[in-house]
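K.L.:
Fold the stuff below for me.
(one chain, ligands or ions: 2)
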Amino acid sequence: MNVLVFGGQGQLGQCLKKVTCQKGLDKLIYLDRKQGNILDNKLISTLFYEYQPKYVINCAAYTAVDKAEDEIELSRLINKTGAENLALACAENGAVLIHISTDFVFEGNVPKVLAEEDVANPINVYGLTKLEGEQVIAENLNNYFILRTSWLYSEFANNFVKTMLRLGKEREELGIIIDQVGSPTYAVDLASCILEIIQTESKAYGLYHYSNEGVTSWYDFAKAIFELAGYSTKVKPLKTIEYPTKAVRPAYSVMDKSKIKKNIGANIPYWRDSLVTCIDALEVLKKIDNN
Ligand SMILES: NC(=O)C1=CN([C@@H]2O[C@H](COP(=O)(O)OP(=O)(O)OC[C@H]3O[C@@H](n4cnc5c(N)ncnc54)[C@H](OP(=O)(O)O)[C@@H]3O)[C@@H](O)[C@H]2O)C=CC1
Ligand SMILES: Cc1cn([C@H]2C[C@H](O)[C@@H](COP(=O)(O)OP(=O)(O)O[C@H]3O[C@@H](C)C(=O)[C@@H](O)[C@H]3O)O2)c(=O)[nH]c1=O
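P.N.:
Ligands and ions are numbered 1, 2, ... in the order given. Just a heads-up that it's a prediction; the model follows:
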């Protein structure tokens, strides 16, 4: 049972690799941007012909939230057209598509836990193009899982945890937004959930929410990162208005995970417990680097 992973060198792609290695699974084929460009339909056809995949995991995306405001067409090309290309190839070849989306499809203007059927109303280009990607998959394919996740971090690639650890070393104090609230997600936990869907060959296709359990602000998340990593960096709470960014971000994007727990049997860790695991993993990598 072959599984093609597009965006295999990104953060989630590397987490999938870590989990498959731990579990001894060897049927996943990881494609970097060159080996598996989701904008190249000829290449996609060749890959489907060569590997006859039963599952396709799309970890490829345009994820630079602020830059997307200036690169609308590129963001749309990767997040919408790329998703459409994979959906069409899956439909033609009878493969199941597992696609990742985001909490940023929501406006987040009310402190209400968001379910899959709640109205999406993106407030930035990244969120809009991710929503367009979801829609184009649903229009072209029946056998798909779209997992919306939020605030992904891990020991791999770029993410908020690694940014905090870098800046925390350089500065005595950091100002971090306190009035944006959500749920951090350890990408290794999400990778395990994706593999669970594949291993159980679940047929409960559809749209799902997946994040770690619990709710926090970026400010409290940063404080927890420094505390667990043993840093003495001070953290100053800022209002969104005091930290201007090119893209507007949702103030409240906590997602309801009842559906994925019920249909897939997902067992979801609490965000702080997973943060401990990630900080430990970063420590191990640091030791390996130093040797
Ligand atoms: N990061 C986060 O906080 C969150 C992410 N998500 C979603 O989760 C998914 C995984 O995100 P994450 O792993 O963090 O993202 P990354 O940015 O770490 O990885 C995305 C990968 O996609 C690759 N890519 C870009 N364009 C193409 C293309 N045309 N063809 C093939 N590959 C391409 C990138 O390659 P290159 O580096 O060479 O450009 C990169 O390796 C995405 O769908 C994202 O929208 C959802 C919520 C939160
Ligand atoms: C670096 C920094 C960020 N912040 C704020 C800005 C922002 O509101 C928040 C997070 O900043 P980042 O730019 O790291 O994260 P951002 O790119 O906004 O993260 C988002 O990425 C996309 C891909 C998603 O899908 C979302 O779920 C979410 O994870 O923290 C500060 O307040 N102070 C700082 O020093």
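
K.L.:
would you list every one of the helices in the stretch 101-250 of the chain?
P.N.:
Under the criterion DSSP state H, counting those that start in this stretch, the stretch 101-250 of the chain contains helices at 125-140, 160-170, 187-199, 218-229.

K.L.:
wait, does the shortest one contact ligand 1?
P.N.:
What it means is helix 160-170. No - residues of helix 160-170 contacting ligand 1 under Cβ under 6 Å from any ligand atom: none, with a closest distance of 7.3 Å. Where C-beta positions appear, they are placed from N, C-alpha and C, glycine not excepted.

K.L.:
The helices of the stretch 101-250 of the chain into TSV, with extra columns for mean neighbour count, mean pLDDT and distance to ligand 2?
P.N.:
Formatted as TSV, the helices of the stretch 101-250 of the chain follow (neighbours: other Cβ atoms under 10 Å; pLDDT from 0 to 100; distance: least, Cβ to the nearest ligand atom, whole Å):
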stretch	mean neighbour count	mean pLDDT	distance to ligand 2
helix 125-140	22	98	6
helix 160-170	16	97	4
helix 187-199	22	97	10
helix 218-229	20	98	4
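
K.L.:
report the longest helix in the chain, please.
P.N.:
Longest helix of the chain, by residue count under DSSP state H: helix 271-290.

K.L.:
Measure how that helix sits relative to helix 187-199, angle-wise.
P.N.:
Relative orientation of helix 271-290 and helix 187-199, computed by axes from the mean of the first three to the mean of the last three Cα atoms, to 10 degrees: 100 degrees.

K.L.:
Going along the chain, name the strands of the protein.
P.N.:
Across the chain, reading from the start of the chain, the strands by DSSP state E fall at 3-6, 28-31, 55-58, 96-102, 144-149, 152-153, 173-177, 181-182, 185-186, 206-209, 216-217, 234-238.

K.L.:
Rebuild those strands as CSV, extending it with mean neighbour count, distance to ligand 1 and mean pLDDT.
P.N.:
What follows is the strands of the chain, written out as CSV (neighbours: other Cβ atoms under 10 Å; distance: least, Cβ to the nearest ligand atom, whole Å; pLDDT from 0 to 100):
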stretch, mean neighbour count, distance to ligand 1, mean pLDDT
strand 3-6, 26, 5, 98
strand 28-31, 20, 7, 97
strand 55-58, 26, 7, 98
strand 96-102, 24, 4, 98
strand 144-149, 24, 5, 98
strand 152-153, 25, 4, 98
strand 173-177, 17, 15, 98
strand 181-182, 22, 10, 98
strand 185-186, 26, 7, 98
strand 206-209, 20, 11, 98
strand 216-217, 18, 14, 98
strand 234-238, 16, 20, 98
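
K.L.:
Include distance to D256 when you put those into TSV, please.
P.N.:
Putting the strands of the chain into TSV (distance: least, Cβ to Cβ, whole Å) gives the following:
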stretch	distance to D256
strand 3-6	28
strand 28-31	29
strand 55-58	23
strand 96-102	15
strand 144-149	11
strand 152-153	18
strand 173-177	23
strand 181-182	13
strand 185-186	14
strand 206-209	6
strand 216-217	17
strand 234-238	27
